[in-house]
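A.B. asks: Okay, predicted coordinates and the sequence, questions at the end:
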Amino acid sequence: MNSCTDCLSRNTCQSADKPMENYIRQLPRETAHHRVAGQSTKCGFGLQGVCCRLCANGPCRVTPDAPRGICGASADTIVARNFLRAVAAGSGCYIHIVENTARQLKNTGLHKDKIRSEQALNRLAGIFGVTGSDKYDLCVKVADTVLSDLYRPEYEPMELVEKLAYAPRVKRWKELGILPGGAKGEVFNNIVKTSTNLSSDPVEMMVSCLRLGISTGLYGLQLTNLLNDVVLGDPVIRSAPVGMNVIDPDYINILITGHQHSLFTYIQDRLLDEDVVAKAQAAGAKGFKLVGCTCVGQDLQLRGEHYTEIFDGHAGNNYISEAVLSCGAIDAVLSEFNCTLPGIEPICDELKIKQICLDVVAKKANAEYIPFNYETRQADGDRIIDEIIAAYKERRGNVPMNLFTDHGNKNTLTGVSEGSLKSFLGGSWKPLIDLIAAGKIKGLAGVVGCSSVAYGHDTLTAALTKELIAKDILVLTAGCSSGGLENIGLMTPEAAELAGPNLKAVCKELGIPPVLNFGPCLAIGRLEIVATEIAEAMGVDLPQLPLVLSAAQWLEEQALADGAFALALGLPLHLGVPPFITGSKLVTKILTEDMVELTGGRVIIDPDGASAANTLEAIIEEKRKALNI
Amino acid sequence: MERFVIIGAGAAGISAARVLRDFRPNDVITVISTDETVHSRCMLHKFLGHERDAQGINFAGVKFFEKNDIIHIACQTVHKIDTAEKKVLFGEGYSAPYDKLLIATGAGFFIPPIPHFREAPNVFGFRDLSDALKIDEAFAKGKRVFIVGSGLVGLDAASALCQRGAEVTIAEMAPRVMPLQTDDYAAGVYQRAFEDHGCKFLLGIGASDAVVDGEGNITEVILSTGEHVPCDFIIMAAGVRPRIQLALDSGIAAERAITVDDHLRTSAPDVYAAGDCTGLSGVWPDAMDQGKAAARNMAGVDEVYPKPYPFKNTSNFFGVTMLSVGRLDLTEGADILVHKTPTEYKKAIVKDGKLTGYLSLGDISNLGLYLHLIRDSIDVSGKLDKIFRLTFADFYGINERNGEFAYRAK
Amino acid sequence: MKRIFIDPAKCDGCKSCTLACMESHRQDGGHGLYTLDLTDPANQSRNRILSDGQGGYSPIFCRHCDDPDCVRTCMSGALVKNEATGLVDYDAEKCAACFMCVMACRYGVPAVSPDRKRMVKCDFCQHLEEGPACVRACPKKAIEVREV
């Protein structure tokens, strides 16, 4: 059924974005939204995390007749093993990203390339305690400091942890013995640990998840943003168009997917050079534009102030990438990480969209692989440009156009970061803290992470967000959840109408929406910097803040690694569906109950937006009470 | 409109009544029984053990006769069948005319000719509800019970009574308990289970005489060894005999049992017989089958009664379950395969590639399979290495037409 | 009567039917596969997927036979062939836990309950309006309800 396009099931999944839902339903081709129905029978063993496929004796499943795998592994071991493996893989993804980002910063220094924010560079140098002979040397030193930590063996603790993280948290982590060793070594070690007949200690494995979380959060999340700021420019708050309306068919449009904005540093500037624009015009277009999708699009949007010419805007999140490509006006896809859905392959074939892959980890079967290499970036860049022009010429006029020009909106607030938000508030967090203390803002909720479709595209994310703002809780978002929420208008100033009375008043006074867009999922790290700075200002530890997190529609392993960081920070973390753990009473209890004693955080699982919002509100109120506000 | 009369309300009688009502919604059906209520013989031990009351062992359902519009004449013994006038005579001059008659009188317990045993008022069988009631009464007066025979009936009675605190002694002629259903090992397992619950076994020993009191009650059993065993009452569990007296008195052919043809017809026209009284088998499911087959024939369907199940017994005492089916004793020219673990004991007798006998102690899963393999002589020669772990997957087949399973050669 | 027809060639041994059966009969008041206790013997399934020894599977489902071995052998009246539905119904209250039915079914379908007080067998999910949960759960459509 999945491969049959003649008799496509018109039964596409629901979306919080109703116009998009209709658009997808009318498409003459299959997308992820179409495939949800055919995959609706889920394997119960998989759902519970008690299917183990590690060895040739398997797959083993836990049942009353056979409660242990052939090797003797209990449900607790199988679940913990599967979970740790996922967190390790997710951590690996983020560490790959920060590694490449640091390498690009290093290249910038070595080759005296453009530095867009010296302020950002000095900030990092200050945190790290490094100096350099000049700004370029500093770039190299800063990058090397990061890389040397990443490459450390896992038995050597990483040095930047204590410099980056909030001191009370570091103290707790030391007590728990979860300071991470070299980030890549940690991933490696935990893959080894979770292999056949190795670790069968579920508690040790769950503690290892916390260690991986710290490494992921501080390096993969926080540092990636700060490193990117140097080369790509600081975020600036601005109003921007979002949704498929941003796509202008008069240009040669390139869709970007991935998380590694630094790999586009060269090409995003090159595309504006006179000779390149001339080539585009010779082919019949006005020039080139980059269209955003997934987190790299969010990152470009975050820094959009510096890219107004080349960047049209962010079209949407990962699960509408197939719809975006279907509009006919996208001529090429440049991918370097996830989410680059395999589902785009037949669409690109059919619509003659040129696929070029810049990092082998995101290779599409029918994509041309032109790996990003700093040394050869100019020749590679020109080659990429020429191929895309060729694709443009071949496809325009020969493939159907299906533009969706009234999708999205024109005035979404973007560019929010810990720096830009603090500046907006006058240079300190006091105004925000005062609003919270006075009850004008009840608390903060980070609704972050991915978009998923199996239980509705962004449906839980949107429902939860609406409930939270109605309760006067200010929502901060980052990740594909942002991409979904902005397309349904929750980040426009008009969205203040949906907020509770107190929050509405605050938003109207400040001219902000009740949902603030921090950009890519990497920016969850920025959110956590905000939390740290506020906690510091209030003289409390993170678990005491009236702050909750929700990765309501968490999708993949990276989300789980992020989640592990949230738990290490001591924050309550809501998930819409369990992360394949319920088959183990022990693992479930550790995450949902015992974690409070370990780190102060815990997991709350609730597939319903209203009920989850109630739980989160109750937690915020409890924290407020303890703070006497 | 025909008149159907059934003598006996056991497995055969009741299943026949049910089937007759299915076929003939409006005809008159009458069941005459000596007992007051319908009861399951196989659950008598639950009654005796005071786990269930009389209603609780009524396998037909309490309102069976009412719901099916069947006339039930209870507590009456039929003493003659007038095959010429086609009526049955019972009680003090009552009669019931019939167009078709079914004799389902079952079997009665047998008392061997040991001195005093046939006359003593405190010697009971364990066959009918009335037996159980008498035993209950006797138990109220004395707790020392002597059971003759360690077959299923004897052990049934023993397990019920020792759970109520009786002092049980069991005498068995053969050198092991349940001699027909077990081998030495399996018998030993059961013997130990019963001994752990306070029963005493006298194996390879019979009762040969008795001491009686003034009213003729046996107060001591004298064993074949000469030993005296004091007792308050005795339960005879030394076998049953088909109840053929009625047939004999009515001129219907019977030798050891009532003679029937392959349509379950007796020598008298329009008179059928089914159940233990035919001697074809002594097993509950067979009685049910015979009752149904006879009923269908009585209703006008020409149906041959298929061969009965091979000798099969199941027992479940003190948590020890066992099934034995087929002929465990016929081992000449056959392979004897044994599987033994601390919790299971299994034995298979295989002759010419066919399973002829099977015993399983402890594990009762898939035993119906083995029963079927023996009964239908299905070839198992390619499966001897897993003979103790067979499942239907080894013979899996489906009847395309109606979706039922079918045994297929593999 | 209705019967669950089986096409063993389509069976992949995924055991979604087994899980659906467990879920349909769970007694803890919970709902959803996430919380179904997979290690509790009280949650045993009424169907069984056995290996056929050749890389395929032999799904064992109660046939609610036209001439059931279990009903024939039941001496307590707990197992009856329901006139109206054609299904073999089981009344646990009447059951004497003799397990003759377990030992009689030629396909080995009935099982002994963990507390050894009753027998466990398919009840065709008569408590569910939508009918047998196993049929709805099979992703290969290897089982379906048909009228016979």
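C.D. replies: That came through fine. None of these values were measured; they are calculated from a predicted model. Numbers count the residues shown, from 1 in each chain, chains lettered A, B, ... in the order given.

A.B. asks: for the stretch 101-250 of chain B, which spans come out with low pLDDT?
C.D. replies: For the stretch 101-250 of chain B, no stretch has pLDDT under 70.

A.B. asks: all strands of it, in order?
C.D. replies: With DSSP state E, counting those that start in this stretch, the ranges of strands along the stretch 101-250 of chain B come out as B:107-109, B:123-124, B:144-148, B:167-172, B:200-203, B:207-212, B:218-223, B:228-230, B:233-236, B:240-242.

A.B. asks: so which of these gets nearest residue A:429?
C.D. replies: strand B:167-172 (86.9 Å; Cβ to Cβ). Glycine gets a C-beta too; all of them are placed from N, C-alpha and C.

A.B. asks: I'd say residue A:410 and residue A:313 touch.
C.D. replies: No - contact between residue A:410 and residue A:313 fails when scored by Cβ atoms under 8 Å: they sit 9.2 Å apart.

A.B. asks: what is in contact with the two at once?
C.D. replies: Counting by Cβ atoms under 8 Å, 6 or more residues apart in numbering or on different chains, the shared contacts of residue A:410 and residue A:313 are residue A:241.

A.B. asks: ok, these two, which is more surrounded?
C.D. replies: The residue with more neighbours, out of residue A:410 and residue A:313, is residue A:313; 25 against 13, by other Cβ atoms under 10 Å in any protein chain shown.

A.B. asks: can you pull the pLDDT of the more buried one?
C.D. replies: Per-residue pLDDT puts residue A:313 at 96.

A.B. asks: partners of it in the sheet?
C.D. replies: Listed by DSSP bridges, the beta-bridge partners for residue A:313 are residue A:291.

A.B. asks: contacting residues around it?
C.D. replies: Here residue A:313 is in contact with A:240, A:241, A:242, A:243, A:246, A:291, A:292, A:301, A:304 (Cβ under 8 Å, 6+ apart).

A.B. asks: could you dump the strands of the stretch 101-250 of chain B to JSON lines with mean neighbour count and distance to chain A?
C.D. replies: Shown next, in JSON lines, are the strands of the stretch 101-250 of chain B (neighbours: other Cβ atoms under 10 Å in any protein chain shown; distance: least, Cβ to the nearest Cβ, whole Å):
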{"stretch": "strand B:107-109", "mean neighbour count": "20", "distance to chain A": "42"}
{"stretch": "strand B:123-124", "mean neighbour count": "24", "distance to chain A": "45"}
{"stretch": "strand B:144-148", "mean neighbour count": "24", "distance to chain A": "40"}
{"stretch": "strand B:167-172", "mean neighbour count": "23", "distance to chain A": "38"}
{"stretch": "strand B:200-203", "mean neighbour count": "18", "distance to chain A": "37"}
{"stretch": "strand B:207-212", "mean neighbour count": "18", "distance to chain A": "48"}
{"stretch": "strand B:218-223", "mean neighbour count": "20", "distance to chain A": "49"}
{"stretch": "strand B:228-230", "mean neighbour count": "15", "distance to chain A": "48"}
{"stretch": "strand B:233-236", "mean neighbour count": "26", "distance to chain A": "41"}
{"stretch": "strand B:240-242", "mean neighbour count": "19", "distance to chain A": "41"}
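
A.B. asks: Quick one: neighbours of the residue in chain A that chain C sits nearest to, just the number.
C.D. replies: The nearest approach of chain A to chain C comes at residue A:44, 3.7 Å away (Cβ to the nearest Cβ). Residues lying near residue A:44 (other Cβ under 10 Å) number 26.

A.B. asks: That one and residue A:297, how far apart?
C.D. replies: 36 Å (Cβ to Cβ, to the nearest Å).

A.B. asks: and if you look at residue B:130?
C.D. replies: In terms of Cβ to Cβ, residue B:130 sits 90 Å off from residue A:297.

A.B. asks: can you check residue B:287 too?
C.D. replies: Counting by Cβ to Cβ, the gap from residue B:287 to residue A:297 is 80 Å.

A.B. asks: Residue A:256 now?
C.D. replies: From residue A:256 to residue A:297 the distance is 6 Å (Cβ to Cβ).

A.B. asks: Report the contact partners of residue C:133.
C.D. replies: Residue C:133 sits in contact with C:20, C:21, C:23, C:24, C:125, where contact means Cβ under 8 Å, 6+ apart.

A.B. asks: How about residue A:149?
C.D. replies: A:158, A:159, A:160, A:182, A:183, A:219 are the contacts of residue A:149 under Cβ under 8 Å, 6+ apart.

A.B. asks: Got the domain ranges for chain C?
C.D. replies: As assigned by automatic domain parsing, chain C contains the domains C:1-61+C:122-148, C:64-109.

A.B. asks: Distance to residue A:18 for these - can I get that in CSV?
C.D. replies: Output for those, formatted as CSV (distance: least, Cβ to Cβ, whole Å):
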stretch, distance to residue A:18
domain C:1-61+C:122-148, 27
domain C:64-109, 45
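
A.B. asks: so of those, which one's packed in deepest?
C.D. replies: For these, ranked by mean neighbour count under the definition mean count of other Cβ atoms under 10 Å in any protein chain shown, the leader is domain C:64-109 at a mean of 21.

A.B. asks: is it true that residue B:36 touches residue B:76?
C.D. replies: No - applying Cβ under 8 Å as the test, residue B:36 and residue B:76 come out as separate, 10.3 Å apart.

A.B. asks: for residue B:330, helix, strand, or coil?
C.D. replies: coil (DSSP: H, G, I helix; E, B strand; the rest coil).

A.B. asks: Now do it against chain C, distance only.
C.D. replies: 21 Å (Cβ to the nearest Cβ, to the nearest Å).

A.B. asks: With adjacent residues omitted, what lies nearest to the residue positioned nearest the centre of chain C?
C.D. replies: The structure's chain C has its C-alpha centroid closest to residue C:122; by Cα atoms, centre = their mean the separation is 2.6 Å. Once flanking residues are discounted, residue C:122 sits nearest to residue C:62: 3.6 Å by Cβ to Cβ, 6 or more residues apart in numbering or on different chains.

A.B. asks: check contacts around the residue in chain C sticking out farthest from the centre.
C.D. replies: Centroid-distance maximum for chain C: residue C:54 at 24.2 Å, with Cα atoms, centre = their mean. Contacts here follow Cβ under 8 Å, 6+ apart; on that basis residue C:54 touches nothing.

A.B. asks: who touches stretch A:503-516?
C.D. replies: Against stretch A:503-516 from outside (Cβ under 8 Å, 6+ apart): A:412-413, A:416, A:421, A:424, A:435, A:440-442, A:447, A:465, A:469, A:472-477, A:485, A:490-499.

A.B. asks: Let me see the contact set for the residue nearest to residue B:83 when sequence neighbours are not counted.
C.D. replies: Nearest residue to residue B:83, sequence neighbours excluded (Cβ to Cβ, 6+ apart): residue B:268, at 4.2 Å. Residue B:268 is in contact with B:81, B:83, B:250, B:251, B:252, counting by Cβ under 8 Å, 6+ apart.

A.B. asks: Ok, residue A:107 next?
C.D. replies: Contacts of residue A:107 by Cβ under 8 Å, 6+ apart are A:113, A:374.

A.B. asks: Just the pLDDT for it.
C.D. replies: 97.

A.B. asks: which SS state does it fall under?
C.D. replies: Quick answer, by three-state DSSP: residue A:107 is helix.

A.B. asks: So which of the contacts of residue B:268 wins on neighbours?
C.D. replies: Neighbour-wise, the contacts of residue B:268 (other Cβ under 10 Å) top out at residue B:81, 26 neighbours.

A.B. asks: For the closest residue to chain A within the stretch 101-250 of chain B, give its distance to residue A:280.
C.D. replies: Distance from chain A to each residue of the stretch 101-250 of chain B (Cβ to the nearest Cβ) is smallest for residue B:189, at 25.1 Å. Distance from residue B:189 to residue A:280, counting by Cβ to Cβ: 91 Å.

A.B. asks: got it, and residue B:219?
C.D. replies: 120 Å.

A.B. asks: Residue A:437 now?
C.D. replies: Counting by Cβ to Cβ, the gap from residue A:437 to residue A:280 is 54 Å.

A.B. asks: who's more crowded, the two?
C.D. replies: residue A:280 (20 against 16).

A.B. asks: Kind regards, and thank you for your time.
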